[in-house]
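*Asks:* model this:
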Amino acid sequence: MNEDQKQSGPQDLPSTFSQLVIMIATSALQQLGQVPDPSGQRGEIHLDGAQGMIDILEALSVKTKGNLEEGEKKILDESLTMLRMQYVEIAKTQGRGPAPTGGAEKPNASEPAPEATPAQDEEPIQKPTDSGESKTRYRKSYG
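*Replies:* The predicted structure follows:
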């Protein structure tokens, strides 16, 4: 180990942090099919993988809040904004809506809730209601 390697310290961290953000953002872009593969063709789209990379950047943003220099914060915020917008656009073209955002979506009160249909490996069970009527519910069987 030479003297240059021994003297690396906190002054090297901003570039390392920025490189980490760029590396994760690039991985997300690859998962979104925005980076061509080695043959020059458009890459495959893996929305779940892209969502995982975006989640990692969001965790970094939360965990480093108040501890970043202005340039680091700007790179992180702009990367997250760009990736989220691309994710939503690609998810729409793939026939999937945007990924859930932590909270449960509230159903629209004007629309009735869709009726659940049993799968082949589910069996109906009876559950009595307050009025004495029985409602059919379904339980998944794994055997």
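
*Asks:* so what's the backbone phi/psi at Pro36?
*Replies:* Torsion angles at Pro36 (phi, psi; degrees, to the nearest 10) stand at phi -60, psi 150.

*Asks:* same question for Asp37.
*Replies:* phi -80, psi 170.

*Asks:* how about it, what does it touch?
*Replies:* Asp37 is in contact with Gly43, counting by Cβ atoms under 8 Å, 6 or more residues apart in numbering. Backbone N, C-alpha and C define where each C-beta goes, glycine included.

*Asks:* now do the one 5 residues further on
*Replies:* Shown here is Arg42, whose contacts under the criterion Cβ under 8 Å, 6+ apart are Gly33, Pro36.

*Asks:* what residues sit buried inside the stretch of helix or strand Glu58 belongs to?
*Replies:* Using DSSP states H and E, Glu58 sits in helix 47-63. In terms of neighbour count (16 or more other Cβ atoms under 10 Å), helix 47-63 has its buried residues at Leu47, Ala50, Gln51, Met53, Ile54, Ile56, Leu57, Leu60, Ser61.

*Asks:* closest one of those to Leu80?
*Replies:* Leu57 (5.3 Å; Cβ to Cβ).
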